[in-house]
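In: got a predicted structure plus its sequence, pasted below:
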Amino acid sequence: MAYQTIKKVPTSEEIISKIPLTENGYKNIERHKEEIEAILSGEDSRLLMIVGPCSAWPSEAVLDYANRLQQISEEVKDQIKIIMRVYIQKPRTVKGWTGPINQPDPLAEPDIEAGIWYCRKLMTQVVELGLPIADECLFTHNARGFQELLSWVAIGARSTEDQEHRIFASSLDCPVGMKNPTHGSLKIAVNSIVAAQHSHYAVFDGYEVKTAGNKYAHLVLRGSNDKPNYSVEHIDEVAGHFAKGGVVNPAIIVDVSHDNCLINGVKDHNAQATIVKNVIDSIGDKPELRKLVKGFMLESFIKEGRQNAESGDPIDLGGLSITDPCLSWDTTKELLLSVASKLRA
């Protein structure tokens, strides 16, 4: 095979042993997963809000954000269950930085071993604050050592049609959001959920296994083909596919970033807050659709916008995204408080 061996990376046992999580941390994760499952099944009427930076870098700013989010989480917990994005992997349409797991210093050469220690430490620190965390499963082969820290997982738009990712999703012991593919087929998106909810035979770590099936696999609408797909008509179409496919615990999360926040073909990250409010209003008098929409995902950091880490200019380390543009903390806080107030009314 055409590759050069660089070095052996730590095993999952070594990773967990070197940077352990406390017993209280694991108890919190189990509680968070149970609460998220209850929301997805309809037993809990709160909304999920999956909120945080596009990518988890740099760690100091991510932890600053996490502390702020934990505080606001306590203020809105009667109406909203907040999950923090701690995304350590980044899919690329063509090429570019693939996240801190591969390159913990975006200006230096990739170093996966250093990325492992960076990501494990950061994720455990956020979990120990009491927040549930989420990541996107880009590479299934390096999940061990990180997966047990997650309360929610996304399978990305470029991965949901891939059988390996569908089988991986069916093996997860936490809720998994399957994004619609970039070309936009909602039927195929729901097919990925049906596949993830059923068991499969596969080889994991040298063993033939049968996966349990993930009954909390659900849909994440993220827009497609440069167009949004969060309208009442789109949600109603999904409902039909759910019924036809026999989906258990039918649920939708609306990702208000990506193609859903394109304005005249240009991404407007500030539109995310407006879209959340518009979707809530649009389904307010449609109880069947309201039952399906369980929450929202948005990209948010301390500072508004983004910067180019590859430009050669000095990098702002104070919470300005180096991947997709994000809402500012102030706008995020106002949105969360506003939504919670609206739901209480």
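Out: Yep, it's here. Residues are numbered from 1 along each chain as shown.
In: now do residue 220, the pLDDT please.
Out: We have a pLDDT of 98 for residue 220.
In: what distance do you get for the nearest residue to residue 199 once chain neighbours are set aside to residue 266?
Out: Closest residue in space to residue 199, ignoring its immediate chain neighbours: residue 213 at 4.4 Å, by C-beta to C-beta, 6 or more residues apart in numbering. Where you see a C-beta, it was placed from the backbone N, CA and C, and this is true even at glycine. As judged by C-beta to C-beta, to the nearest Å, residue 213 and residue 266 stand 40 Å apart.
In: now do the buried residues in stretch 257-264.
Out: Residues of stretch 257-264 classed as buried by neighbour count (16 or more other C-beta atoms under 10 Å): 257, 258, 259, 260, 261, 262.
In: so what touches that stretch?
Out: With C-beta atoms under 8 Å, 6 or more residues apart in numbering as the contact definition, stretch 257-264 has outside contacts at 54, 157, 182, 221-230, 254, 267-269, 271-272, 275, 297-299, 324.
In: are any of those buried, and if so which?
Out: Taking 16+ other C-beta under 10 Å as the criterion, what is buried in the contacts of stretch 257-264 is 54, 157, 182, 221-224, 228-230, 254, 267, 269, 271-272, 275, 297-299, 324.
In: which stretches of the stretch 1-150 of the chain aren't confidently modelled?
Out: Applying pLDDT under 70 to the predicted model, the residue ranges of the stretch 1-150 of the chain that meet it are 93, 142.
In: give the contact list for residue 329.
Out: 65, 68, 300, 301, 302, 303, 319.
In: pull the most distant pair out of those residues.
Out: 68 and 303 (12.5 Å; C-beta to C-beta).
In: so which residues of the stretch 51-200 of the chain form helices?
Out: 59-76, 112-128, 163-171, 186-197 (DSSP state H, counting those that start in this stretch).
In: any idea how far the second one is from the middle of the chain?
Out: Spelled out, that is helix 112-128. 17 Å (C-alpha atoms, centre = their mean, to the nearest Å).
In: ok, the longest one next?
Out: Its chain's C-alpha centre lies 16 Å from the corresponding centre of helix 59-76 when counted by C-alpha atoms, centre = their mean.
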